[in-house]
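Colleague: next comes the sequence, and after it the predicted model I'd like to discuss.
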Amino acid sequence: MHPILKDIRLVAFDLDGTLVDSVPDLAAAVDRVLGELGLPPAGEAKVTAWVGNGSFTLVERALADALGESPGAQALDAGHRRFLYYYGQDPGSRTRLYPGVREGLDDLKAAGLLLALVTNKPYAFIEPIMEQFGLERHFALALGGDSLERKKPDPAPLLHVAAYFDVPPSACLMVGDSRHDIAAGRAAGFRTLAVPYGYNHGEPVQDSRPDGLVDSLAELV
Ligand SMILES: O=C(O)COP(=O)(O)O
Ligand SMILES: [Mg+2]
């Protein structure tokens with residue numbers, strides 16, 4: 001067992017940038033929205049820096065970048081709806097599990113730990129993506145960015161998961177790729193573990209001072 005797991009009973013995972021490299025499909029949907037508006041595509045590099053605060057903020061950042069000014073409320077709302085439509089049509093064909101994810105999840109589950117998913121991605125996309133990798137059964141509970149009033153970096157979804165399973169936050173670990181995961185975990189009283197290979201607005205996630213860092217989830221057990 002990795003030392004960060006000592007006395008831990010529940011592990012909450014971020015999804016985008018932690019379990020799956022989902023930017024190719026996110027960028028494809030963003031670029032279809034932009035194309036429909038006659039705007040140039042953003043491409044994967046920009047989208048990588050914009051992921052992390054949920055789909056609405058992703059579309060807001062994409063429209064602001066393409067227009068050179070913040071989009072009006074109506075244009076933003078319409079753009080977001082179109083994004084949900086396009087992403088929903090194809091949320092996973094270019095999405096890949098990161099190396100070590102399957103081994104890490106299998107081992108943690110076999111070790112008897114409770115596993116949960118806490119992502120800022122809209123809830124509707126969690127199941128199709130996890131099913132495509134046969135991982136939907138690994139998680140006892142999944143929350144999306146639209147499941148509760150507040151999302152990461154707010155601690156609310158993490159506190160919800162801990163309370164749901166009646167596990168004290170001090171016996172919970174948050175694993176993520178971005179400062180929002182580390183901030184939410186810390187605010188919830190969880191231990192925090194970062195992976196350096198995901199999306200963190202172009203900055204090293206180590207700057208958020210997680211309690212631990214692993215290059216691959218296979219290092220956990
Ligand atoms: O959809 C996003 O913006 C990020 O999702 P995540 O919380 O799984 O990284
Ligand atoms: Mg993430």
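Modeller: Structure's in. What do you need? In this text the structure is predicted, and so the values were computed from the model without any measurement. Ligands and ions are numbered 1, 2, ... in the order given.
Colleague: pull up the distance across stretch 111-131, start to finish.
Modeller: One end of stretch 111-131 to the other measures 22 Å (C-alpha to C-alpha, to the nearest Å).
Colleague: Arg61 and Ala78: what is the separation?
Modeller: Using C-beta to C-beta, to the nearest Å, Arg61 is found at 16 Å from Ala78. Where you see a C-beta, it was placed from the backbone N, CA and C, and this is true even at glycine.
Colleague: what's the answer for Leu34, then?
Modeller: Counting by C-beta to C-beta - Leu34 and Ala78 are separated by 13 Å.
Colleague: could you check how far the residue at the greatest distance from the centre of the chain is from ligand 1?
Modeller: Taking C-alpha atoms, centre = their mean, the residue of the chain most remote from its mean C-alpha position is Gly38, at 29.4 Å. According to C-beta to the nearest ligand atom, to the nearest Å, Gly38 stands 25 Å off from ligand 1.
Colleague: same question, Leu158
Modeller: 12 Å.
Colleague: surely that residue meets Val175?
Modeller: No - contact criterion C-beta atoms under 8 Å: Leu158 and Val175 do not qualify, at 11.3 Å.
Colleague: give me the more crowded residue out of these two.
Modeller: Comparing Leu158 with Val175 by other C-beta atoms under 10 Å, the one with more neighbours is Val175, at 29 against 26.
Colleague: what about the helix or strand where the more buried one lies, near ligand 2?
Modeller: Here Val175, judged by DSSP states H and E, is contained in strand 172-176. No - judged by C-beta under 5 Å from the ion, strand 172-176 makes no contact with ligand 2; its nearest approach is 5.6 Å.
Colleague: and the lengthiest helix in the chain with ligand 1, contact?
Modeller: Counting residues, the longest helix in the chain under DSSP state H turns out to be helix 73-89. No - under the criterion of C-beta under 6 Å from any ligand atom, helix 73-89 makes no contact with ligand 1; the nearest approach is 10.0 Å.
Colleague: the residue in the chain that ligand 2 sits nearest to: what's it in contact with?
Modeller: Distances between the chain and ligand 2 by C-beta to the ion are smallest at Gly17, namely 3.7 Å. By C-beta atoms under 8 Å, 6 or more residues apart in numbering, Gly17 lies in contact with Val51, Gly52, Gly176, Asp177, Ser178, Val195, Tyr197, Gly198, Tyr199, Asn200.
Colleague: and the closest residue to it other than its chain neighbours, which of the three is it?
Modeller: Distances taken as C-beta to C-beta, 6 or more residues apart in numbering place Gly198 nearest to Gly17, at 2.6 Å, with adjacent residues excluded. Using DSSP: H, G, I helix; E, B strand; the rest coil, the three-state assignment for Gly198 comes out as coil.
Colleague: next, give phi and psi for Gly198.
Modeller: phi -90, psi -140 (degrees, to the nearest 10).
Colleague: residue contacts, it?
Modeller: Asp14, Asp16, Gly17, Thr18, Asp21, Tyr98, Gly176, Asp177, Ser178, Val205 are the contacts of Gly198 under C-beta under 8 Å, 6+ apart.
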